[in-house]
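Visitor: Show me the folded form of this:
(one chain, ligands or ions: 2)
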Amino acid sequence: MSTTTMIKSVKRVFTFGKGRSEGNKDMKALLGGKGANLAEMASIGLSVPPGFTVSTAACQEYQNSGKNLPPGLWEEVLEGLKIVEEDIGAALGDPTKPLLVSVRSGAAISMPGMMDTVLNLGLNDAVAAGLATKSGERFAYDSYRRFLDMFGDVVLGIPHSEFDDKLETMKSRKGAKLDTELTAADLKELVEEYKDVYVRTKGKKFPSDPKKQLELAIKAVFESWDSPRAIKYRNINRITGLKGTAVNVQCMVFGNMGNSSGTGVLFTRNPSTGEKVLYGEFLTNAQGEDVVAGIRTPEDLETMKKTMPEAYEELVENCEILEAHYKDMMDIEFTVQEKRLWMLQCRVGKCTGRGAVKIAVDMVKEGLIDRRAAIKKVEPQHLDQLLHPQFENPSAYKSSVVAKGLPASPGAAVGQVVFSAEEAEAWHAQGKSCILVRTETSPEDVGGMHAAVGILTARGGMTSHAAVVARGWGICCISGCSDMRVIDSNKKLLFGSKVVEEGEWLSLNGSTGEVILGKQALAPPSLTGDLEIFMSWADNLRQIKVLANADSPIDAQTARKNGAEGIGLCRTEHMFFASDERIKAVRRMIMAATIEQRKAALELLLPYQRSDFEGIFRAMDGFPVTIRLLDPPLHEFLPEGDIDEIIAGLSADTGMSSEDIHTRIENLSEVNPMLGFRGCRLGISYPELTEMQVRAIFQAAISLTKQGVIVYPEIMVPLVGTPEELSHQVRLIRGAAKKLLVESGASLSYKVGTMIEVPRAALVADEIAKEAEFFSFGTNDLTQMTFGYSRDDVGKFLPVYLSQGILQNDPFEVLDQKGVGYLVKTATEKGRAARPNLKVGICGEHGGEPSSIAFFVEAGLDYVSCSPFRVPIARLAAAQVAV
Ligand code: PEP
Ligand code: MG
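Guide: Numbers count the residues shown, from 1 in each chain. Ligands and ions are numbered 1, 2, ... in the order given. So this is what the prediction gives:
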């Protein structure tokens, strides 16, 4: 077989038209999301303008072959075009029956606005004259000048401003305020001027052959896959492994053919709240791009219902058909051309976490899906939005509301105003919370939008670029806030006479659209209503337990509210960060030169620990509380920046001289504190430390047991690498516990176990298990020591590793399954071989990360433990593994 026939045997062009399609909705990888769904809509009989999709595989071939159309592809495109021409009864380039097409990108994963589109392709002087005879002169020349602008900009890289300048000059020459006031003769003149722009900027005439136009446009869409903004968007959203973009070539339908035409977008339910109402926007006498680009602030669907009722009825019916077919909330684009409805796009709609949960619950109630399907519908990360703070008291800020825009993405945001995406990124890098304020956002702004805590735009609707992108990321956004004016040139924001300058604080309520002056107070969210129902379904399905990492009674209460079934990690050193007195007491303990001094300092620490343990046990009544013995990297308590002040304070408290304190600090200083004097190394060197902690734990546990609280303490030894380290501490713990229990006459069951966070411990887990009743993987340290990357310094090289693809993910965020995961699996197996009823969990940061959770379920762990705010995310992720 020759190479050409071999290549030709792989189908790369797929046609579609009402009632017939060569593709379907499951072919997203090959046809892109848009192409696959157009094929599906056409095949179930909806009115879709006929067209064809050039596959993503063809795009990949194009990129790999030095940016040439792959052999045989053009012939396939012409065959596809012929089918479309026959279907619609028009032909590309034929003035007697003119066919205009749109050429649009569409990858397997939606990348809103990141790649290119050309509309009205197929026009030249003769075709425009032909179109004028059929559809009127004004329409023909308006389409022609729009095409010249878009084709020049997208395909040939002629700046849009070159054309815009001509348009503006023409408008002022003719005394026209709006484009629509220009006459057919004006537009005809403008077409000639636009054509001159090509010659002046490119030294070449505009390509008048429609087939040549089509070839160049297909290439331009392929090229746009690798544009800087598309690459940046994929990096931010971690989109990898795609072949490229497909190209959708489709007959144009026109929403700008007068007042019986129009164009719109809608969601079949409200994407912010999940409410079951058609939620969309419509523009009479306009083309689709006008809505998506946010250039005109649109009308609502009621306008359409009044002015074109038949098309509206058909649209409503199509929405029902699509929801029943896809079993999901749909995001739809449509156009009405002279009262006739055309479906231009459909896809499963993106919504907020709150919206997704309500829709999943409602669809089960409506009988559209079952509970298992509902569980799969909500992305665990999306729950994050429901768990973020809301405003503490919305009625308290009413007098500070300065404007109201569209509630484009819900939640509350409080930050300092910046006026450009670059500034948002720079401020974010300095650890500041900022609100990005723009007249309207463009795809170039994605970096800054991601860095901001909130986005505020003066123009654009609910489906403008800013709104769509912000909702996808769960970032609070208010769009179309027409009460404000943004003056970029001197970085000012005007609300009438009120001026807000760069750096001033602003608060946004993305659920109501209110823009509020100043820094308003935030309150934690709660799990109620639909979310409570949804989470109960998740809990019934999952097999692994979800516990929380919490170090204070308040965190423990939050953890319980969020559904934690116990505490998997209480970092006792964190308890000392809570107040100045506590930190001072720890410093005295660190400074102690003799055992007597240390014991005296420990006596100061004991009451703090005991009262915190009491609060935590009380909050966890009936659930296990895993308390880890002290593991402070000592440098965290002696920050270099404040050292003079610390020494003065210590000297006053202890009577030691400044010089002695200095010497002691020098003796304690370590070259690599993360691998230094921490974990069980402390408890072994200073047994009185372990002994004090055990006393605090058991005094609290005994006292609460007497009050009727059910207490399950589990004492955990950190940073163990050898069985001897662990047995040393176990002996101490059991000895001290026994003494207290005997003295009090109380009986209490408790466990003693260990963290597995040193690779050696994982490798000799069978020996360790002989001493441990439970293992808890500390995947933060285990990652640090397996990779040999310092947790504190990884930021210096990780961005390079990620951008060069040396690592696919930050291993401190997403578990490295091959390496660190191998240790987790092996240690679990070895540990259980030595002690069959060994309880095994994980309490590193990975315990709240969905893909890592799937791995831990697979590895047979009993529980994951994560921060209280991530508990619902982990509960859902665990349920999704089960379904
Ligand atoms: C760990 O190492 O994963 C862990 C939970 O301990 P820490 O983060 O406190 O070192
Ligand atoms: Mg650790």
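Visitor: give me phi/psi at the nearest residue to His662 once chain neighbours are set aside?
Guide: Nearest non-adjacent residue to His662, counting by Cβ to Cβ, 6 or more residues apart in numbering: Ile647, 6.5 Å away. C-betas here are computed from N, CA, C, even on glycine. In terms of degrees, to the nearest 10, the main-chain angles of Ile647 are phi -60, psi -40.
Visitor: so Gly454 makes contact with Gly415?
Guide: Yes: if you go by Cβ atoms under 8 Å, Gly454 and Gly415 touch, sitting 5.8 Å apart.
Visitor: Overlap in contacts, the two.
Guide: Contact criterion Cβ atoms under 8 Å, 6 or more residues apart in numbering; residues shared by Gly454 and Gly415: 435, 506.
Visitor: Looking at those two, which one has more neighbours?
Guide: Neighbours per residue (other Cβ atoms under 10 Å) separate Gly454 from Gly415, with Gly454 holding more: 28 against 23.
Visitor: how far away is that one from ligand 1?
Guide: 31 Å (Cβ to the nearest ligand atom, to the nearest Å).
Visitor: and that residue, what does it touch?
Guide: Gly454 sits next to 413-415, 435-436, 475-478, 506, 508, 510 when contact means Cβ under 8 Å, 6+ apart.
Visitor: Same question for Asn235.
Guide: Ser803 are the contacts of Asn235 under Cβ under 8 Å, 6+ apart.
Visitor: got it, and Leu386?
Guide: Going by Cβ under 8 Å, 6+ apart, Leu386 touches 353-354, 357, 525, 527, 531, 872.
Visitor: and whatever residue of the stretch 201-350 of the chain ends up closest to ligand 2, how far is that from Phe797?
Guide: In the stretch 201-350 of the chain, the residue found nearest to ligand 2 is Arg238; the distance is 26.2 Å by Cβ to the ion. Remark: distance between Arg238 and Phe797 (Cβ to Cβ, to the nearest Å) = 19 Å.
Visitor: how far out from the middle of the chain is stretch 441-456?
Guide: The chain centroid and the centroid of stretch 441-456 are separated by 13 Å under Cα atoms, centre = their mean, to the nearest Å.
Visitor: Between the two ends of that stretch, how far is it?
Guide: In stretch 441-456, first residue to last residue: 9 Å (Cα to Cα, to the nearest Å).
Visitor: I'd like the numbering to begin with 126 instead of 1 from here.
Guide: All set: I'll call the first residue 126, so the last point we hit is now stretch 566-581.
Visitor: mind listing what's buried in that stretch?
Guide: For stretch 566-581, a neighbour-count test (16 or more other Cβ atoms under 10 Å) marks 566, 568, 570-581 as buried.
Visitor: I'd like these laid out as a markdown table, including secondary structure, distance to Phe802 and pLDDT.
Guide: Putting the buried residues of stretch 566-581 into a markdown table (DSSP: H, G, I helix; E, B strand; the rest coil; distance: Cβ to Cβ, whole Å; pLDDT from 0 to 100) gives the following:
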| residue | secondary structure | distance to Phe802 | pLDDT |
| --- | --- | --- | --- |
| Thr566 | coil | 51 | 79 |
| Pro568 | helix | 51 | 69 |
| Asp570 | helix | 48 | 81 |
| Val571 | helix | 45 | 80 |
| Gly572 | helix | 42 | 85 |
| Gly573 | helix | 43 | 91 |
| Met574 | helix | 44 | 91 |
| His575 | helix | 40 | 90 |
| Ala576 | helix | 38 | 93 |
| Ala577 | coil | 41 | 95 |
| Val578 | coil | 39 | 94 |
| Gly579 | strand | 44 | 95 |
| Ile580 | strand | 46 | 95 |
| Leu581 | strand | 49 | 95 |
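Visitor: Ala154: what's it in contact with?
Guide: Counting by Cβ under 8 Å, 6+ apart, the residues that Ala154 touches are 181, 233, 367-368.
Visitor: could you redo the last one with a cut-off of 10 Å?
Guide: Contact analysis of Ala154 by Cβ atoms under 10 Å, 6 or more residues apart in numbering lists 161, 180-182, 232-234, 366-368, 371.
Visitor: Using neighbour counts, trim those to the buried set.
Guide: Of the contacts of Ala154, these count as buried by 16+ other Cβ under 10 Å: 161, 180-182, 232-233, 367-368, 371.
Visitor: Next, format those residues as CSV and append secondary structure, distance to Asn934 and pLDDT.
Guide: Listed next are these as CSV, based on three-state DSSP; distance: Cβ to Cβ, whole Å; pLDDT from 0 to 100:
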residue, secondary structure, distance to Asn934, pLDDT
Ala161, helix, 28, 97
Ser180, coil, 29, 97
Thr181, helix, 24, 97
Ala182, helix, 27, 96
Ala232, coil, 21, 95
Ala233, coil, 20, 93
Leu367, coil, 17, 91
Lys368, coil, 21, 92
Ala371, strand, 27, 97
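Visitor: next one: phi and psi at the residue lying closest to Gln462 once chain neighbours are set aside?
Guide: Take Gln462 and drop its neighbours on the chain: the residue closest to it by Cβ to Cβ, 6+ apart is Val378, 4.6 Å away. Torsion angles at Val378 (phi, psi; degrees, to the nearest 10) stand at phi -120, psi 150.
Visitor: close enough to count as contact, Val378 and Val461?
Guide: Yes: at 8.6 Å, Val378 counts as touching Val461 under the criterion of Cβ atoms under 10 Å.
Visitor: the bottom helix or strand of this structure by mean pLDDT?
Guide: One helix or strand of the chain scores below all others by mean pLDDT, DSSP states H and E: helix 128-133, with a mean of 44.
Visitor: can you point me to the longest helix in the protein?
Guide: Longest helix in the chain, counting residues (DSSP state H): helix 720-744.
Visitor: Just read off the phi/psi values of the residue of the stretch 326-475 of the chain found nearest ligand 1.
Guide: Among the residues of the stretch 326-475 of the chain, Arg363 lies nearest to ligand 1; the distance is 22.8 Å by Cβ to the nearest ligand atom. Main-chain dihedrals, Arg363, degrees, to the nearest 10: phi 50, psi 50.
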